[in-house]
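Participant: Coordinates for the following, if possible.
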Amino acid sequence: MTPRPPIAARTPQQFEEERQLLAAWRIPTGWRHWSAVNNTVVGQWYIAASLVFFAFGGLLALVMRLQLAQSGNDVVSADTYNQIFTVHGSVMMFLFAVPIFEAVSILMLPQMLGARELPFPRLSAFGFWAFVIGGLFLRGSIFFDAAPAGGWFMYPPLTSARYQPGVGADIWLLGFSFIEVAAIAAAIELIVGVLRSRPPGMRLNLMPIYAWYVLVAAFMVLFAFPPLIAGTILLELERAFGWPFFNPAGGGDPLLWQHLFWLFGHPEVYIIFLPSIALIAMIVPTAARTPIVGYSWVVLAAVGTGFLSFGLWVHHMFTTGLPGVTLAIFSAASAAVAIPTGVQFFCFLATIGSGRPRITLPMLYILGGLATFVIGGLTGVMVAMAPFDLQAHDTFFVVAHLHTVLIGGAVFPLLAGLYYYFPFVRGVTLSEVWGRRLFWIVFAGFNLTFMPMHALGLMGMPRRVFTYSAELGLDTLNMVATVGAFILAAGLIGVAIDVVRPIGNRPRTGRNPWDAGTLEWLQQDPDLPWGVRTVPIVTTRYPLWQQPGFVERYDAGGFYLPDAPGLRREMLITSTIDAEPIQCMRIPGPAWIPLIAAVFIGGAFGAATFQSYRLAGISSLFGIGAVVHWLWTGTNEIPEKERRDVGLGLDLPLYLSGAESTGWWAMAILLLGDFAAFMSIVFGYFFYWTLDGRFVQDSAAGPDAMAIALGLALILGAWLTTWLSIRALRSTSPIAMFLATLAASSILAVAGITVLVNALTAMSVAPDASAYAATVWLLALWSIVHAGVGILMHGYCAARVISGRLTRAYDMDIQNTALFWHGTAVMSVIALGTVAAVPLLGGA
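Facilitator: Take a look at the predicted model:
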């Protein structure tokens, strides 16, 4: 590949362009470094924090293996073991496996997509800080003997206040709710980034495979995490206020938690798996020195895997007494997901076979991971068969299967990606000699750890126990597994040492050391604070291989946005399908406000954990204030001119609103996740309705249907008036007319909230006495809270228009507010319609 032009060969224009870019994208130093909102920096922070949590989770795993090395061991007590077991699983699933995918994507996507940056760097920074604060909250609890002890799955009634008093379960429920907010924030950033930040010419069918996998996984986060958020709301309300969602004495059912949890839990496995496979899809073509075989098939298989994963959750519940027909349907669906997975694997093998493969160190990890994952996949087909699962469900066989899938399908590809992309991040390679030795240590340690667990499970060793009887004859295999765990840990520690050792005495690799064909290897220097020097025109899937003169033109700044004349951070926004340039968007620079917002919102969750609701309310107000300041100063700025020359004779607007703007897309995607959480609660309502006569009997004491209808009508009136306010703003009417419509909408919303609150308090059955009443309250509160947020947004828009920051030509704030009200109206119709109409239908 062509190296960066030497200093003497560069023109004065190139010097000036790069000076402007360096000034515009300057990263703060010293203690102000933590105010950076550049995705290159935040991505590295995210990766480092995820790996620290991984190391902590691994340390807890070693303690568990020491306890189980021999029968009757007393390394830790039963209660301590339960806490360690719970925190280990929770850390690995919530603080490593999903965040590491989002972290790598935030770091890599700008370069892979040929973008200067992702659209919402402050949102990424907020997500990072929320992740760290929530993770430290959970991790720290174990040092105070206050950690959750109900397993990473937190099944009630074992996690109810009766069986698990104290704050351990509340730390899990509220701490992870905050972490899930971070995950959804990252998903929004990644979805909008992939769909709207691609370089001109990069149609959807030309995107890097990695971007496709990230897009699928991010949408899966958007629909998988909300059911868990809904479930944690229900369980926390039961623990804190006695609302009996999972208590049969009040008409609840603990099986609802399992449905909501595994609606999240099984897709999460594929949320972890798909981005890791994406790394394989990037490395294999480079190693084989040929484009990937079956690009379209791989993309369709990834989409199919994501779609099918939402239809498999019941196979975690085969032992709960479900009907035989249900078992058969979900057993078949569980086996069917192997088809798209097989398609991806065979395409990778075909790529290797059709090229001239080099068995580099990253490829060694890929081959080891593929072999391991195949074994995990075969055991997955076994547990997908209901008759076998009934025997093996609560044994160590399932533990072995889970870890074989996750380590083979995620950790090995991540290690391959580490060795492959380390030159991209740091400009040097990791040791090839030590890397190969460490691979065999890791591979041997993994197999010594988890292969015996399959046999232990088949021999009858139950999972989730802190000891076992010597009479079972399980000591030898448990000791082998424990030794294997320490060998595996030694190998991973060796990798970590190679990563963190000083790079000063290592030779620089230069540009594109693997001779890859994708855009991220355009990078001239890993320390540059932007994604790309200039936004290229891309017409092929492997432009560094397939577009002659591409690198030379890039180095000369011969594409779009080669400079930053106003010293402003700018990026190109393109159309969703064909990637046609439509906007030069300005993005904000360094700021402390994402950290401040995360601290106060996290403080609200933390205070609620200890039932200090007044402090939680105060912290929430400060958090809301921080978010308002963030939006006021960092979004929807009215530019000093309408358009900007971005190069190559193209003139683009600096401001867009409505469906063309990235802010509108972010709001729409947020509403999709919001709707998924809401529908999970509606699912709970109908789940109770189908159980027995208690729910129907209690519905006779439900809220007055006419009052509910009136409240709904008022909220719909507020929605309609919000929509009319856009017409008032765009018309020739005075601005006062716009303000009057906002005020009218807010008055209608306040009236609707008042009517609904009165209808709820007039019910003759309290929410702490009946699952029916509790669910009705929650559905109505969902509409009330959304209407309240809508009122706040009205006030924000009014302040913006009075200050001159919202005008007829620059109306993104009210457009996004109207979109939020569209979502509020839809959810209110469903929620209040269900509350008012379903009791009239009687029992199921």
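Participant: per-residue pLDDT, residue 428?
Facilitator: pLDDT for residue 428: 90.
Participant: do the same with residue 506
Facilitator: 79.
Participant: swap in residue 644?
Facilitator: You'll see residue 644 listed with a pLDDT of 94.
Participant: ok, it - contacts?
Facilitator: Counting by CB atoms under 8 Å, 6 or more residues apart in numbering, residue 644 makes contact with 570, 584, 651, 652, 653, 654. Glycine gets a C-beta too; all of them are placed from N, C-alpha and C.
Participant: Could you give the number of residues near the last one?
Facilitator: For residue 654, the neighbour count with other CB atoms under 10 Å is 18.
Participant: from what I can see it touches residue 639, true?
Facilitator: Yes. Between residue 654 and residue 639 there is a contact under CB atoms under 8 Å: 4.0 Å.
Participant: what's the overlap in contacts for those two?
Facilitator: Among the neighbours of residue 654, those also in contact with residue 639 (CB under 8 Å, 6+ apart) are residue 586.
Participant: returning to what we had before: could I get the contacts of residue 644 in JSON lines, plus columns for pLDDT and secondary structure?
Facilitator: Formatted as JSON lines, the contacts of residue 644 follow (pLDDT from 0 to 100; DSSP: H, G, I helix; E, B strand; the rest coil):
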{"residue": "570", "pLDDT": "94", "secondary structure": "strand"}
{"residue": "584", "pLDDT": "96", "secondary structure": "strand"}
{"residue": "651", "pLDDT": "95", "secondary structure": "strand"}
{"residue": "652", "pLDDT": "96", "secondary structure": "strand"}
{"residue": "653", "pLDDT": "96", "secondary structure": "strand"}
{"residue": "654", "pLDDT": "96", "secondary structure": "coil"}
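Participant: Out of these, which end up buried?
Facilitator: 570, 584, 652, 653, 654 (16 or more other CB atoms under 10 Å).
Participant: Verify the contact between the second one and residue 651 for me.
Facilitator: No. Under the contact definition of CB under 8 Å, residue 584 does not touch residue 651, with a separation of 9.1 Å.
Participant: centre of the chain versus the worst-scoring helix or strand of the chain on mean pLDDT, how much separation?
Facilitator: Within the chain, no helix or strand scores below helix 693-699, which has a mean of 80 by mean pLDDT, DSSP states H and E. What separates the centre of helix 693-699 from the centre of its chain is 38 Å, taken as CA atoms, centre = their mean, to the nearest Å.
Participant: immediately after that helix, which helix or strand?
Facilitator: Remark: after helix 693-699, the chain's next helix or strand is helix 705-730, criterion DSSP states H and E.
Participant: before we move on, back to that, can you tell me which of the buried ones among the contacts of residue 644 is nearest residue 660?
Facilitator: Using CB to CB, residue 653 is the member of the buried ones among the contacts of residue 644 that lies nearest residue 660, at 9.3 Å.
Participant: Beta-bridge partners for the closest one, please?
Facilitator: For residue 653, the beta-bridge partners are residue 643 (DSSP bridges).
Participant: correct me, but it touches residue 584?
Facilitator: Yes. Taking contacts as CB under 8 Å, residue 653 lies within contact range of residue 584: 7.4 Å.
Participant: and residue 15, how many residues sit next to it?
Facilitator: Residues lying near residue 15 (other CB under 10 Å) number 11.
Participant: heads up, I number from 40, so please use that
Facilitator: Noted, 40 is the first residue going forward, which turns the last one into residue 54.
Participant: buried stuff in the helix or strand containing it?
Facilitator: Using DSSP H and E, residue 54 maps to helix 51-63. For helix 51-63, the neighbour count (16+ other CB under 10 Å) marks 53, 56, 57, 59, 60, 63 as buried.
Participant: Check the buried ones among the contacts of residue 683 and tell me the two furthest apart.
Facilitator: The widest separation within the buried ones among the contacts of residue 683 (CB to CB) is 12.2 Å, between 609 and 692.
Participant: shared neighbours, these two?
Facilitator: With CB under 8 Å, 6+ apart, residue 609 and residue 692 have common neighbours 623, 683.
Participant: Could you check the pLDDT of residue 883?
Facilitator: So, for residue 883, pLDDT stands at 49.
Participant: what do you get for residue 68?
Facilitator: At residue 68, the model reports a pLDDT of 84.
Participant: any idea what sits nearest residue 122, other than its immediate chain neighbours?
Facilitator: Residue nearest to residue 122 in three dimensions, not counting chain neighbours: residue 186, with 4.0 Å by CB to CB, 6 or more residues apart in numbering.
Participant: Am I right that the one you found is in a helix?
Facilitator: No. Judged by DSSP: H, G, I helix; E, B strand; the rest coil, residue 186 forms no part of a helix; its state is coil.
Participant: Farthest-apart pair in the contacts of residue 683, please.
Facilitator: 609 and 690 (13.7 Å).
Participant: hmm, who's touching stretch 658-677?
Facilitator: Outside stretch 658-677, the residues that touch it by CB under 8 Å, 6+ apart are 161, 625, 627, 630, 632-633, 635-636, 639-640, 642-643, 646, 694, 702, 831, 835, 839, 843-846, 849, 851-852.
Participant: ok, the residue most central in space within the chain - contacts?
Facilitator: In the chain, the residue lying closest to the centroid (CA atoms, centre = their mean) is residue 222, at 3.3 Å. Each residue near residue 222 by CB under 8 Å, 6+ apart is listed here: 137, 138, 141, 166, 170, 260, 264.
Participant: what do you get for residue 613?
Facilitator: For residue 613, the contact set (CB under 8 Å, 6+ apart) comprises 235, 236, 237, 238, 239, 241, 619, 620, 621.
Participant: Please, a PyMOL command that selects the buried ones among those residues?
Facilitator: Selecting the buried subset of those in PyMOL, with 16+ other CB under 10 Å as the burial test, is done by:
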select buried, resi 235+236+237+238+239+241+620+621
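Participant: Quick one: mark the members of the contacts of residue 613 that sit in strands.
Facilitator: Among these, the residues falling in strands (DSSP state E) are 620, 621.
Participant: which one among the contacts of residue 613 gets closest to residue 360?
Facilitator: Residue 360 lies nearest to residue 235 out of those, by CB to CB, at 47.4 Å.
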